[in-house]
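**Q** Following is a predicted model, sequence given first.
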Amino acid sequence: MTQDRATAPDDGIAARRAALHLIEQATGGQRLMSETIAAGALERLSPPDRARAQRLATQVLRQLPTADRALKPFLTKQPPLAVRNALRLGAVEIMEGAAAHGVVNAMVQIMSKGKRTQSYKGLVNAVLRKLAEEPPEAWARMPVPKLPNWLRGPMVEAWGRKSVEAMEAVQAMIPPLDLTPKGDGAALAEALGGDLLPTGSVRLREAGQVSALPGYDTGEWWVQDAAAAIAARVLDARPGERVLDLCAAPGGKTMQLAAAGAQVTALDLSETRLGRLRENLARTGLGAEVVQADALEFDASEAEGGFDAILLDAPCSATGTIRRHPDLPYAKDGSEFGALIELQAEMIDHALTLLKPGGRLVFCTCSLLPDEGEVQVEEALARHEGLTNDLKALARPGIEPDWIAAEGLRLRPDFWAERGGMDGFFIACLRPGARDG
């Protein structure tokens, strides 16, 4: 989809057209928003329009079932996907307080420019105008959007219906922004007007442009969800320890480990993502050895005697990040999860061979599926004689005791719901016995 450079900067057409492209790729192309953006979808937009397009697309995908419910009384049959997405975008904007005439005019103009959609501009005009006549309370009365059945079913089986409904309620909200401080968290929270969370992260309710916040240019903090930051705190790296961060990019955990004084090796398969890691290290003034390699092919001999500790944030379904990435339930269908689960087991096994005797491995995934967390630990313990699960390492400041189970630390979006929730994560600290064989 091309963007219109000639569009006036204040009419919103360019940003809305780009948002529709992102939404269509997720709902019709089964492509994550990050993948579409990486392919250059927003390159021709101004920075403000890029930010607006992403914000609009994210909010529509977050509220997509609610938008469909609001539109249903005004449609006798479903129009093509491109038209349906335009109606969804218009509905979300109107119901969240945007000026209805501006939204309607923009959607009609966008429809009129497309060969496949121009015949529907009258429908879009009529439906959105009728929707705009609905009282604002009608939107507030809509039920919380539910996850698609392919994901909701396994989650209900794992956590129960009430817990899943509580997670969905958090996922329907715009999440706050979490920062990991390089130094004093209390001072950073005061400087930015944020809240210091019990685990040490700083949470901002209204962040605005991240790069414009005080301390960004000087590298005093980095963006990292509070749940993700807990994994490195569980590892508890000490000054001088040799620590391997597997699957390290974009570098949040690498920076935590380096800030603790460890000698960090940051490894990742993607050179592009490692570029972001290097940029983050440069901005924060932190150092690490950066290695581009396949984690499964990283040879033990390259470890020079092994590592004191390893952090393995393994590739996973990312179902724990839906509150920040609402495109995932629409861009994915779960078909690739089996291969990811096999890869996670292989990576655990290989990581254990890279540890020094007496070392420790923190395994984590940003997943809400037990097969990618609790089950992985159970099966790793069965595969490796002498391997132990160090539950005491999980008892970090701010961690509630009932978050820790026999398999490890389970974090969910509905934890801290009154504070804005957190990403779903599973974290375990494993300690090997004598080397296998």
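**A** All right, it came through fine. It should be emphasised that the depicted structure is a prediction, and the values quoted were computed from it without experimental measurement.
**Q** can you confirm Q109 is in a strand?
**A** No - counting by DSSP: H, G, I helix; E, B strand; the rest coil, Q109 is not found in a strand; it is helix.
**Q** what's the distance between the closest residue to it other than its chain neighbours and L45?
**A** Excluding its sequence neighbours, the residue lying closest to Q109 (C-beta to C-beta, 6 or more residues apart in numbering) is I13, at 6.2 Å. Just so you know, the C-beta spots here come from the backbone N, C-alpha and C atoms, and that holds for glycine as well. According to C-beta to C-beta, to the nearest Å, I13 and L45 sit 11 Å apart.
**Q** ditto for F425
**A** On the measure of C-beta to C-beta, F425 and L45 end up 33 Å apart.
**Q** Those two: which has the busier surroundings?
**A** F425 (29 against 21; other C-beta atoms under 10 Å).
**Q** For the more buried one, give me the backbone phi and psi.
**A** phi -150, psi 150 (degrees, to the nearest 10).
**Q** bridging residues for it?
**A** Under DSSP bridges, the beta-bridge partners of F425 are L411.
**Q** which residues touch it?
**A** Residues near F425 by C-beta atoms under 8 Å, 6 or more residues apart in numbering: A227, A228, I230, A231, G320, C364, T365, C366, S367, L409, R410, L411.
**Q** With neighbour count and secondary structure added, can I get those residues in CSV?
**A** Formatted as CSV, these follow (neighbours: other C-beta atoms under 10 Å; DSSP: H, G, I helix; E, B strand; the rest coil):
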residue, neighbour count, secondary structure
A227, 27, helix
A228, 24, helix
I230, 27, helix
A231, 26, helix
G320, 29, helix
C364, 29, strand
T365, 28, strand
C366, 26, coil
S367, 25, coil
L409, 26, strand
R410, 22, strand
L411, 26, strand
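**Q** Now flag whichever of those residues is closest to E374.
**A** When the contacts of F425 are ranked by distance to E374 (C-beta to C-beta), R410 comes first, at 7.3 Å.
**Q** so that closest one makes contact with E400?
**A** No - the criterion here is C-beta atoms under 8 Å, and R410 misses it with E400 at 10.6 Å.
**Q** Which positions in the helix or strand of the chain with the lowest mean pLDDT come out as buried?
**A** Least confident helix or strand, the chain: helix 136-140 with a mean of 82, by mean pLDDT, DSSP states H and E. With burial defined by 16 or more other C-beta atoms under 10 Å, the residues of helix 136-140 counted as buried are W139.
**Q** Please save the CA atoms from it in CSV.
**A** Written as CSV, here are the backbone C-alpha positions of helix 136-140 (Å, rounded to 0.1, in the frame of the first residue of the first chain):
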residue,chain,number,x,y,z
PRO,A,136,-21.2,7.4,24.5
GLU,A,137,-22.5,5.1,27.2
ALA,A,138,-23.3,2.4,24.6
TRP,A,139,-19.6,1.8,24.0
ALA,A,140,-18.9,1.7,27.7
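**Q** For E374, give me its contacts.
**A** So E374 contacts A405, E407, G408, R410, F426 (C-beta under 8 Å, 6+ apart).
**Q** Can you give me the pLDDT of the residue nearest to the second one when sequence neighbours are not counted?
**A** Of all residues not flanking E407 in the chain, E374 sits nearest, at 3.9 Å (C-beta to C-beta, 6+ apart). Among the per-residue scores, E374 shows a pLDDT of 98.
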